[in-house]
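>>> show me the folded form of this:
(chains A, B and C)
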Amino acid sequence: MKSKVKFKNNRTKKKQLLSARYSSFLEPTALINRLDRTRWFSPATLACIPLVFIIIALWAGAATAQDQELTPEYVKGVLDSIWILVASIFVIFMNAGFGMLETGFCRHKNAVNILAKNLIVFALATLVYWSIGFSIMFAGDHPFIGGGGFFLTGEATSYGLDPFPSGLPLPVFFLFQAAFAATAATIVSGAVAERIEFSAFLFFSLLITGISYPITGHWIWGGGWLAEMGFGDFAGSTAVHSVGGWAALVGAYILGPRMGKYDEDDQPRAIPGHNMGFATLGCLILWIGWFGFNPGSELAANENVAYIAVTTNLAAAAGGATATITSWLKDGKPDLSMIINGVLAGLVGITAGCNGVSYLEAVIIGAVAGIIVVFSVPLFDQLKVDDPVGATSVHLVCGIWGTLAVGIFVEDANILTQAIGIISVGLFTVIMSTIFWLALKATTGIRVHGEQEFEGLDIAEHGMEAYTGFMKEPDALGTGIVQKH
Amino acid sequence: MKSKVKFKNNRTKKKQLLSARYSSFLEPTALINRLDRTRWFSPATLACIPLVFIIIALWAGAATAQDQELTPEYVKGVLDSIWILVASIFVIFMNAGFGMLETGFCRHKNAVNILAKNLIVFALATLVYWSIGFSIMFAGDHPFIGGGGFFLTGEATSYGLDPFPSGLPLPVFFLFQAAFAATAATIVSGAVAERIEFSAFLFFSLLITGISYPITGHWIWGGGWLAEMGFGDFAGSTAVHSVGGWAALVGAYILGPRMGKYDEDDQPRAIPGHNMGFATLGCLILWIGWFGFNPGSELAANENVAYIAVTTNLAAAAGGATATITSWLKDGKPDLSMIINGVLAGLVGITAGCNGVSYLEAVIIGAVAGIIVVFSVPLFDQLKVDDPVGATSVHLVCGIWGTLAVGIFVEDANILTQAIGIISVGLFTVIMSTIFWLALKATTGIRVHGEQEFEGLDIAEHGMEAYTGFMKEPDALGTGIVQKH
Amino acid sequence: MKSKVKFKNNRTKKKQLLSARYSSFLEPTALINRLDRTRWFSPATLACIPLVFIIIALWAGAATAQDQELTPEYVKGVLDSIWILVASIFVIFMNAGFGMLETGFCRHKNAVNILAKNLIVFALATLVYWSIGFSIMFAGDHPFIGGGGFFLTGEATSYGLDPFPSGLPLPVFFLFQAAFAATAATIVSGAVAERIEFSAFLFFSLLITGISYPITGHWIWGGGWLAEMGFGDFAGSTAVHSVGGWAALVGAYILGPRMGKYDEDDQPRAIPGHNMGFATLGCLILWIGWFGFNPGSELAANENVAYIAVTTNLAAAAGGATATITSWLKDGKPDLSMIINGVLAGLVGITAGCNGVSYLEAVIIGAVAGIIVVFSVPLFDQLKVDDPVGATSVHLVCGIWGTLAVGIFVEDANILTQAIGIISVGLFTVIMSTIFWLALKATTGIRVHGEQEFEGLDIAEHGMEAYTGFMKEPDALGTGIVQKH
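Take a look at the predicted model:
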């Protein structure tokens, strides 16, 4: 047994040595070094070998020393790191939540397309945010836009982190932020569903998570001008949700409504979703994910984290409850899609102020959000913005409400500052999104052909069905309309 | 970069100040203070301003001092808090598990209704448990019922917690307990499915999580008379599962069986669920959630937590295995719904004793539970208690078994005391549930009309379908019966 | 209130006493002691009572002392334990991921069967791995096979752990490893789907997780001969994924293709899955689960854990992206099942080297895996290995690639050693799997009858349907073939 234990220690030590060596690839010179690898056996390189051994020996000694000196500061730093990693996992799980929610709320003929969008968008967001987005958001001193240290090649401090263990290790901060960036793009997915070209959505996702979201994020969380003004948005009612919501609104508006959404008298028709089980599961996954989203935004493990979880939960509960009641009073029946959107509305609403409001105020914020969303969804329908899943109402409208609520309930916060933040971020996002969508419209195109839309994007764009083997009803809605075109 | 880092520190400090100030809203005088806010500019208030500044300055100094003195006690306290927060998230995820399980086990015509119930019940439980339930369960000294500090306005110590960092911060303890309370109500949801009025279920959920569950919970976990007696129920085989199970039994009995459940000769007919994918997913989510439920009940992070996770997992595995074998031997084929219920039976069975039994005993407890459930489900059918998802067998019968098992396997525990606990909690819950259900029957009504039941609750109660666009088979079972009525 | 607090402390203390006493049941003499219990009131036993009291008193004193001396080492040990417990929960959640993925990729007539397999396999793996597997893998000094301390009855050190708090508590290490063992068996489930006998799969699962997987696992992670050679497989590209993949390949080959998979000209036909929502949800759950799988393999909480999470995430993202592009270029349309398998391919690929490669290298490893999988799936089809879900391509081929990648990118690693490990583990697993499958074929039989396969395993093996109440299309594919037979 001795030998095995010793082996294990050796393995660990070897691993640490590897980690240490490989951490050099994280530095700005990494790519150059890699390209130079073929010349490593040049005389100059060979001369370095003894030096390398000395460095490794010193490092190994330091590592051993570090292992022996487990200070409370070090343990606290590791605890911060583990908690934010776990929070990141829950936020990343929100991709499954959005995927199920949006798929459930759309028709089965477009299910594969929505699932594919929600799966690949996290992959693309990860890659582009790693490449440039994270750097634009957190590196550099400029009040309007960050930069430098692309591909995560800078030191932790160059992205505004204190050195570990008082600050988070860079990878965990990056992972948490990448998960947030993906959320903004995923919000768009629902609003443009059932008629957007798959490729157009992919390009837009790259643009929003790589450029637009990081710039406004820099203003709020990267030490930019809104941060300097004292704009308060703890976990991103504006930075994430209304940014996603604005991009969704512009996309849905430019795309135009789905065929069949409006009848001969231009009145909106309900196009019911095809799988309320998926939609409800999605909502419950998102609820869970928000316990990473909001409490994780503390960016540390401490005794306040759970307070944020409780305000978050109370607001979600209040939003679900008031949406149920409002929907019941308004339409005579409690609409499950409204209960779902009410919960999400409460969650979006509390996001900005979750750390600074009382429990009662959290309930009020959530309750108001739950009422707002029930009236907002039909309003957008009237305005001819066809948003199949209600993303604009949930994320944009309640994101604005949540950001304003900080100005109302958190007394150090200034409602004028909050309004300036909302408007400036909104304006910038609308302008950028418009440019992106119109550029895509002019080049790759953004909307599928009418026949494809009638047939469903699953067959048209992916050549497959979501539910093979089940008999489906003809899409009467689509049929009537496509005959007119 | 300097400036940004400094800004970040300021933001953190400002946040802490806000938290400190807002924590005052958690105190008993909070509501009064809020109402008084309009008079804050009165001379008396203005005179207080310098004092406020002094307090804030002192507090800020204290905060800084605290930041510098990271003691192992503090870090351990934060670790406890983070672990129980994470455990709470997994317990809350069980709502998705119950939702999927119960939906999958029912017919598609009632899917929206069950989903809506399982979603809104956590919202309602959160609100009512915050209002009164938590206080009834944990505040006060009375052996029968707690009280005081409603709306989470008391100090942590007034709910039986040691001061942080040796005890948990109040919000995390509340969140964990709120998640438990919701579980009790969710258990009911499955047993009364497919014929209960939506509003009746909502009112019953408020009553059970606000009044009945907290009272019996107080007896067991709030320092009440059963706790004084030495009744052992570590994570709630009785406190949560059999309480939910008794309420479910009474509800299912008072409601009566679904139309078509019994044939002309009064023999039960199988009414198969509509989506075994959802049901199995629900089971696996619940399995995961139980790793929050049982190990989290340690209410601290320590080296024993994982031991509880292993006994929990072994019992679940044994329950699944014996239910599979028993079902195979009994009916000739391994019934998936029995495998699912066997896993859940093992989990419910181990819940009371998960911290105090050996691995082998955990396997025995789970194995017995898995056998019990296979015989219990048809027994309730024979007894004319129509429980569409088997909740009574899983949660009530195996909850009783698990509580008795503590008396059998944990030697300090007394099986007589265990029996007294089971019976007293059962009697009280049956009485309260009967009062609640009969009161609701007399006022709002509890069962939908036959036509609505035949049509399905989704259209009748919510005006929507769960699976729009799919062709469904006519519900032959319902048809035959509805003609008779 | 005082009394309650005191009561709670008493309860805690009592609980600790119970734990202490019960921990004796974990020792080798536990079973004997249990059997001897009836003689506990013999004179010899009675004479021991005073001694027992002294021991308990000393232990209680030690426990109190321990409570008072919260050292950073102890807190770090608890943090390690909690982190690996949470990681284990995420790995166990992968059972839901595999279940949804495989069910979605198969036909609805076999859904119950696949769900049942994926649920019960974790139960069986838990029981057999507890009985013998864990011991074979980690106990003992032999370079080829471990043993001793079956049923988790050894000391932590006898399985190669350092004593707590510098090492993990035994239960959490076991739970993490049991979750891994189950993964290997679950991988097989998909490849043999839609024609295997339920009982044969259960027996095979017991054999692979109880015997074959632990032996090769011992070579790599239990201090065996491959470990001594310096074979590098940090989180199990070979130890878990290619082991599962080899067993799957042998199973799929011996079983033969599903009826209707090949047309008259022996060309493979696509048999589309029935629920892409389930499949995509499964992929996203697996993605989440991998954040337990890879970072948890650090077996400790430290500042490197998140680095592993980031390389894991980048590889998954790159795999998803390149599979999308490759599928689009190759087939003209982005195939959702390829996007899903691309993400999983990236995850499997990075598993061996996730701790030792740079971010860029992680992207390269994932990107290559995403390309490989798109070409590998049709290749196996051509080779007449009918793997309904592509498990062989994802887990075997990309597992090999990921293990080789360690030799390419991690400079201390030797690609020859990596190849030796891949081949030896592969050979051993192929031989063992062949023996297992052929022994089962000769005894219980492994393939259902043609009529059962045509009817679907749900009715044939379980007597139930997955989607009662929905109208399904006749399985034209099956029909044509079954007429031929």
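
>>> how close does the residue nearest the centre of chain A sit to chain C?
Centre of chain A computed as the mean C-alpha position; nearest residue by Cα atoms, centre = their mean is residue A:183, 1.7 Å away. When Cβ to the nearest Cβ, to the nearest Å is the yardstick, residue A:183 and chain C sit 14 Å from each other. To be clear about C-beta, it is placed using only N, CA and C from the backbone, and glycine gets the same treatment.

>>> and that residue, what is it in contact with?
By Cβ atoms under 8 Å, 6 or more residues apart in numbering or on different chains, the contact set of residue A:183 is A:91, A:94, A:98, A:240-241, A:244, A:293.

>>> highest neighbour count among those residues?
By neighbour count, taken as other Cβ atoms under 10 Å in any protein chain shown, the most surrounded of these turns out to be residue A:241 (32 neighbours).

>>> these two touch, right, residue A:306 and residue B:85?
Yes: the pair residue A:306 and residue B:85 passes the contact test of Cβ atoms under 8 Å, sitting 5.0 Å apart.

>>> what sits in contact with each of the two?
Both residue A:306 and residue B:85 are in contact with A:295, B:172, B:175, where contact means Cβ under 8 Å, 6+ apart.

>>> so what does the residue of the stretch 151-300 of chain A found nearest chain B have for phi and psi?
Residue nearest to chain B within the stretch 151-300 of chain A: residue A:223 (3.2 Å; Cβ to the nearest Cβ). Backbone geometry at residue A:223, expressed as degrees, to the nearest 10, gives phi 80, psi 20.

>>> phi first, then psi, for residue A:447.
The main-chain torsion angles of residue A:447 are listed as degrees, to the nearest 10 and equal phi -120, psi 140.

>>> equivalent analysis for residue A:234, please.
Recorded main-chain torsions at residue A:234 are phi -60, psi -50, according to degrees, to the nearest 10.

>>> make sure it is actually in contact with residue A:350.
No: contact criterion Cβ under 8 Å: residue A:234 and residue A:350 do not qualify, at 9.5 Å.

>>> between those two, which one's more packed in?
Applying other Cβ under 10 Å to residue A:234 and residue A:350 shows that residue A:350 carries more neighbours, namely 34 against 25.

>>> so what's the predicted local confidence for the more buried one?
Residue-level confidence at residue A:350 comes out at 98, pLDDT.

>>> same thing with residue A:141?
The model's pLDDT for residue A:141 equals 88.

>>> check residue A:74 too.
pLDDT recorded at residue A:74 is 96.

>>> give the buried residues for the helix or strand hosting it.
Using DSSP states H and E, residue A:74 sits within helix A:72-105. For helix A:72-105, the buried set under the neighbour-count rule, 16 or more other Cβ atoms under 10 Å in any protein chain shown, comprises A:72, A:74-105.

>>> against which helices or strands is that helix packed?
When contacts are defined as 3 or more Cβ pairs under 8 Å, 6 or more residues apart in numbering or on different chains; DSSP states H and E, helix A:72-105 sits against helix A:111-128, helix A:170-191, helix A:276-296, helix B:72-105, helix C:72-105, helix C:276-296, helix C:305-331.
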